[in-house]
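Asks: Provided below for reference: sequence and predicted model.
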Amino acid sequence: MITIEHLTKTFGAKKAIDDVSFTAADGKVTGFLGPNGAGKSTTMRAALGLIRAESGQALIDGHPFTSLRSPMAEVGSVLNPRSAHKNRSARSHLEALAYSNGIPKSRVDEVMAIAGISAVGKKKAGSFSLGMSQRLSIAAALLGDPQNLVFDEPVNGLDPEGVMWVRQLCRYYASQGRCVLLSSHLMSEVAQTADDLVIIGQGRVLEHTSVADFLSEHSSHTIRIATPQASLLQQALQGGPEVSVELLPPSAGDPAGAQVLRVGGMELAQVAQIAADKQIVIYEFREEKASLEEAYMALTHGKEEYKTANVPVPGLVSAQGTSQEPIQAPMQASMPMQSQMPMQQTPGQAQGQGATQPAVPGQFAQPVQPTQPVQPVVPMQPNQQGYGQPAPQQQTVQPQQFQQPVQPVQTEPVQPVQPEPMQPVQPVQPVQLIQPEQPVQTQQPIQQQPVHPVQSQQHYVQPADNQQPSSAPANPESNQASSTNEEGGAQ
Ligand SMILES: Nc1ncnc2c1ncn2[C@@H]1O[C@H](COP(=O)(O)OP(=O)(O)OP(=O)(O)O)[C@@H](O)[C@H]1O
């Protein structure tokens, strides 16, 4: 368990984190989300004793990192993928860490196999790509088979197979009752992996919730209906106070002769039944859901440390297609939409504590996929109790677990340009900048990847089960402490 209590850290005049408190629980993956410069790395580095906070404390299983007797068995961290000495081979980097932490050399082979870098163990770390460096960094974090993982954006630079692997690794560790703190910029990434969410902006915690609660709070939905009898349907749908009906401006994608209504506060089946009872012709029904990413962006809007400038691209309209308003900036995409939403709040839309912006129902038709069921991948060699840990459950890596079907990235339908007679054409943002999508996962068998230096999933298959447990003497060095400066940021 990682406990962050009222941590505050200032660099010069800059308050990087301000009274940050949360707990990353055992048995869970806690997603730590925030825009660039929000304070994620600072919090994690403070938790690992790499910087000293002015106030507050960070505890690993109840103890400050600096007092841990066997740090690599207590916490494995990935902070800086380029932390290995450039002129050292991957293997010698790992062996040095293992040696200095009383971890048997045989464990080096295991973690290299787990991370898929066995074939490049002799290559110098300095020649590694970012993705390979990330794998090496993760291998180092796993050396002590730790009880806690602190991963700062571990998927940066990884290929799709690597991204999937990190997800499964995190889920596996959580399933073992261990604690995983995982930072990311992307809600869509975290939503697929995490149980809990801590969202931070400008150094302050904006929300601490579960992914499930965040989903239910923010994934409100509306129903879009195209009908040639809009006013009749509008009348028929006027019901309870929770029901809202909005006539949308026409769009090029609408069926000919139809008007489009957006209905909130009702289920699709209810609307369909009313339309059928009144014998109203319907050309199209569509459920629309606000995406999780959109809700996250609304929550962190205005809390960005670094704001982007407009990138005008003539000829594109917003994904929603119903509004002719130009989108002002990628990070602001949700905001003007909210002001266009006259719908009343439905019961499912109650805002959680700390949520500063409502969800944007109906603006984005595709929801982010909730946490995927994850196969219990077990990359560890059985019985690592020699590192001072309880013996992890003995399992075998199943190659097919790396081939499980992957949800394709949901793309939002882009409506063709709808000429607006009374308004000049406005430059708008490219739709693809609104939501950074995660890389599309393919279902290709890993062994079919042609030239990647990481070998296929046979690298994940554990070697013979003949490892001796080690006894790790107390060692104050950690894998990251040896490669990171105090106060100086990542190297
Ligand atoms: N060593 C340092 N010296 C000066 N300022 C720093 C240092 N480390 C962090 N900061 C500042 O503290 C703030 C928080 O930075 P931090 O790296 O924790 O953010 P982050 O959420 O991890 O960002 P990113 O997602 O871009 O990695 C930023 O304004 C950053 O510039």
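Replies: Ah, there it is. Numbering: from 1, shown residues only.

Asks: and the helix ranked longest in the chain, what does it pack onto?
Replies: Looking across the chain with DSSP state H, the single longest helix is helix 160-175. Secondary-structure packing of helix 160-175 (3 or more CB pairs under 8 Å, 6 or more residues apart in numbering; DSSP states H and E): strand 28-33, helix 130-142, strand 148-152, strand 179-184. Any C-beta I mention is one placed from the backbone N, CA and C, and that applies to glycine too.

Asks: redo the ones you listed as a markdown table? Include mean neighbour count.
Replies: Output for the helices and strands packed on helix 160-175, formatted as a markdown table (neighbours: other CB atoms under 10 Å):
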| stretch | mean neighbour count |
| --- | --- |
| strand 28-33 | 26 |
| helix 130-142 | 25 |
| strand 148-152 | 25 |
| strand 179-184 | 26 |
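
Asks: show the contacting residues for the nearest residue to Thr3 once chain neighbours are set aside.
Replies: Closest residue to Thr3 apart from its sequence neighbours, by CB to CB, 6 or more residues apart in numbering: Leu59 at 4.4 Å. Applying CB atoms under 8 Å, 6 or more residues apart in numbering to Leu59 gives the contacts Ile2, Thr3, Glu5.

Asks: ok, the residue of the stretch 51-200 of the chain at minimum distance from the ligand - how many residues close by?
Replies: Closest to the ligand within the stretch 51-200 of the chain is His185: 5.8 Å, counting by CB to the nearest ligand atom. By other CB atoms under 10 Å, 17 other residues sit near His185.

Asks: again, but for Met266
Replies: Neighbours of Met266 under the rule other CB under 10 Å: 21.

Asks: cool, and the one 3 residues further on?
Replies: By the criterion of other CB under 10 Å, Ala269 has 10 neighbours.

Asks: surely it is in a strand?
Replies: No: using DSSP: H, G, I helix; E, B strand; the rest coil, the secondary structure at Ala269 is helix, not a strand.

Asks: and it, how far from the ligand?
Replies: 43 Å (CB to the nearest ligand atom, to the nearest Å).

Asks: cool, Lys15 as well?
Replies: 8 Å.

Asks: so that residue is in contact with Thr8, correct?
Replies: Yes: counting by CB atoms under 8 Å, Thr8 is a contact partner of Lys15 at 7.0 Å.

Asks: what's the overlap in contacts for the two?
Replies: When contacts are counted by CB under 8 Å, 6+ apart, Lys15 and Thr8 are jointly contacted by no residue.

Asks: domain parsing for this protein?
Replies: As assigned by automatic domain parsing, the chain contains the domains 2-216+439-483, 220-308+317-362.

Asks: quick one, what contacts the closest residue in space to Ala174 that isn't next to it in sequence?
Replies: Among residues not flanking Ala174 along the chain, Val29 sits closest, at 4.8 Å (CB to CB, 6+ apart). Counting by CB under 8 Å, 6+ apart, Val29 touches Cys170, Arg171, Tyr173, Ala174, Val180, Leu182, Thr193, Ala194, Asp195, Asp196.

Asks: which residues does the last one bridge with?
Replies: In this entry, Asp196 is beta-bridged to Thr30, Ser210, by DSSP bridges.

Asks: what residues are up against it?
Replies: Applying CB under 8 Å, 6+ apart to Asp196 gives the contacts Ala24, Ala25, Lys28, Val29, Thr30, Gly31, His208, Thr209, Ser210, Val211.

Asks: and the pLDDT at the fourth one?
Replies: It stands for Val29. Predicted confidence (pLDDT) for Val29: 97.

Asks: mind checking how far it is from Gln229?
Replies: 49 Å (CB to CB, to the nearest Å).

Asks: residue ranges for the strands of the chain, please.
Replies: 2-11, 14-24, 28-33, 55-60, 75-78, 148-152, 179-184, 196-201, 204-210, 221-227, 244-248, 259-264, 284-289 (DSSP state E).

Asks: distance to Tyr296 for these - can I get that in TSV?
Replies: Shown next, in TSV, are these (distance: least, CB to CB, whole Å):
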stretch	distance to Tyr296
strand 2-11	20
strand 14-24	16
strand 28-33	7
strand 55-60	24
strand 75-78	22
strand 148-152	18
strand 179-184	10
strand 196-201	7
strand 204-210	9
strand 221-227	17
strand 244-248	24
strand 259-264	21
strand 284-289	14
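
Asks: single out the most deeply packed of the ones you listed.
Replies: Mean neighbours per residue, mean count of other CB atoms under 10 Å, is largest over the strands of the chain for strand 75-78, with a mean of 29.

Asks: surely the residue of the stretch 51-200 of the chain closest to the ligand and Gly31 touch.
Replies: No: here His185 does not reach Gly31: they are 10.8 Å apart, not a contact under CB under 8 Å.

Asks: what about Lys235, how many neighbours?
Replies: For residue 235 the amino acid is Gln, not Lys. Neighbours of Gln235 under the rule other CB under 10 Å: 12.

Asks: residues touching it, list them.
Replies: Counting by CB under 8 Å, 6+ apart, Gln235 has no contacts.

Asks: now it: how far from the ligand?
Replies: According to CB to the nearest ligand atom, Gln235 stands 51 Å off from the ligand.

Asks: for the stretch 101-250 of the chain, give me the ranges with low pLDDT.
Replies: 219-220 (pLDDT under 70).

Asks: that one against the ligand: which residues are in contact?
Replies: His185 (CB under 6 Å from any ligand atom).

Asks: swap in 8 Å and give it another go.
Replies: Asp152, Glu153, Ser183, His185, Ile200, Gly203 (CB under 8 Å from any ligand atom).

Asks: for the closest residue to the second one other than its chain neighbours, what are its contacts?
Replies: With CB to CB, 6+ apart as the measure, Ser183 is the residue that lies nearest to Glu153, at 5.5 Å, once sequence neighbours are left out. The neighbours of Ser183, taking CB under 8 Å, 6+ apart as the test, are Gly31, Phe32, Leu33, Gly34, Lys40, Ser41, Met44, Phe151, Asp152, Glu153.

Asks: which one is the third one nearest to, not counting chain neighbours?
Replies: Nearest non-adjacent residue to Leu33, counting by CB to CB, 6+ apart: Ile199, 4.8 Å away.

Asks: and that neighbour, what does it touch?
Replies: Each residue near Ile199 by CB under 8 Å, 6+ apart is listed here: Leu33, Gly34, Val205, Leu206, Glu207, His208, Tyr296, Leu299, Thr300.

Asks: before we move on, the earlier item: buried deepest among the domains of the chain, which one?
Replies: Ranked by mean neighbour count, the domains of the chain are led by domain 2-216+439-483 with a mean of 20 (mean count of other CB under 10 Å).

Asks: okay, the contacts of Leu59 in TSV with distance to the ligand and pLDDT next?
Replies: Below are the contacts of Leu59 laid out as TSV (distance: CB to the nearest ligand atom, whole Å; pLDDT from 0 to 100):
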residue	distance to the ligand	pLDDT
Ile2	16	97
Thr3	19	97
Glu5	18	97
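
Asks: nearest to Tyr99 among the residues you listed?
Replies: Ile2 (26.8 Å; CB to CB).

Asks: next up, the contacts around the closest one.
Replies: Contacts of Ile2 by CB under 8 Å, 6+ apart are Thr23, Ala24, Thr30, Ala47, Ala58, Leu59, Ile60, Val75, Asn148, Val150, Cys179, Leu181.
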